[in-house]
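In: A structural model of the following input is requested.
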Amino acid sequence: MESKNSPKVKKPRKKRVPKEKKPYYVNLKEFLALIQEYYKDDENMVLINQLGQAIYKIATGLSFAPNFINYSYKDDMVGDAIVKMYSALKNKKYNVDSGNNPFSYFTTIAFHAFINRIKKEKKHRDMITQYQESIFDELQEILPQGNSSESNRSEDQYDSE
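Out: Numbers count the residues shown, from 1 in each chain. So this is what the prediction gives:
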């Protein structure tokens, strides 16, 4: 047994390893600088490509949020978000001088685009379901219930014997 007075051996500390950058990460300061430069010169194709990549990263990163990850039309949601964010950028909707976070501004646009796509898909699914139910009801009226003509014929055969 060890005595209470024996010195404790300290474990060596593990060195911290810097985390790798996530593939959908957008640097806030760089994003704001790109937007400011784009608003000054909106014909610069390099800026447009860099802003496009940032917008794509925002939309794709949001699509991995727990409330959006399991939708089968996730690609449509991302596409709608990119279009909405690009049109907001093209129309210069973001106020650079406001001091607000551009990342949160464009993420909010993407979030609402996702919600709108979900509503459209739900409406589309409801219309299809309603159509299927109406066709089913029509077929129920047209077709005889339980093949009653065959069951009557078999009863007649038994009665005649």
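In: Let me know the helix or strand that Val26 is in.
Out: Val26 is part of no helix or strand, with elements assigned from DSSP states H and E.
In: again, but for the one 3 residues further on
Out: Using DSSP H and E, the element containing Lys29 is helix 28-40.
In: between the helix or strand following that helix and helix 28-40, how big is the angle?
Out: Using DSSP H and E, the helix or strand that follows helix 28-40 in sequence is helix 45-63. Orientation of helix 45-63 against helix 28-40 (axes from the mean of the first three to the mean of the last three C-alpha atoms, to 10 degrees) gives an angle of 130 degrees.
In: other SSEs contacting helix 45-63?
Out: On a contact count with 3 or more C-beta pairs under 8 Å, 6 or more residues apart in numbering; DSSP states H and E, helix 45-63 meets helix 28-40, helix 74-90, helix 102-142. From N, CA and C alone the C-beta is placed, and that goes for glycine too.
In: would you put the C-alpha positions of that helix in CSV?
Out: The C-alpha trace of helix 45-63 is given here as CSV (Å, rounded to 0.1, in the frame of the first residue of the first chain):
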residue,chain,number,x,y,z
MET,A,45,-15.2,38.7,-61.2
VAL,A,46,-12.7,37.5,-58.6
LEU,A,47,-14.8,39.2,-55.9
ILE,A,48,-18.0,37.6,-57.3
ASN,A,49,-16.4,34.2,-57.3
GLN,A,50,-15.2,34.6,-53.7
LEU,A,51,-18.5,35.9,-52.5
GLY,A,52,-20.2,33.0,-54.4
GLN,A,53,-18.1,30.5,-52.5
ALA,A,54,-18.9,32.2,-49.2
ILE,A,55,-22.6,32.1,-50.0
TYR,A,56,-22.4,28.5,-51.0
LYS,A,57,-20.6,27.6,-47.7
ILE,A,58,-23.3,29.4,-45.7
ALA,A,59,-26.1,27.6,-47.4
THR,A,60,-24.4,24.2,-47.3
GLY,A,61,-23.4,24.6,-43.7
LEU,A,62,-27.0,25.5,-42.7
SER,A,63,-28.3,22.4,-44.5
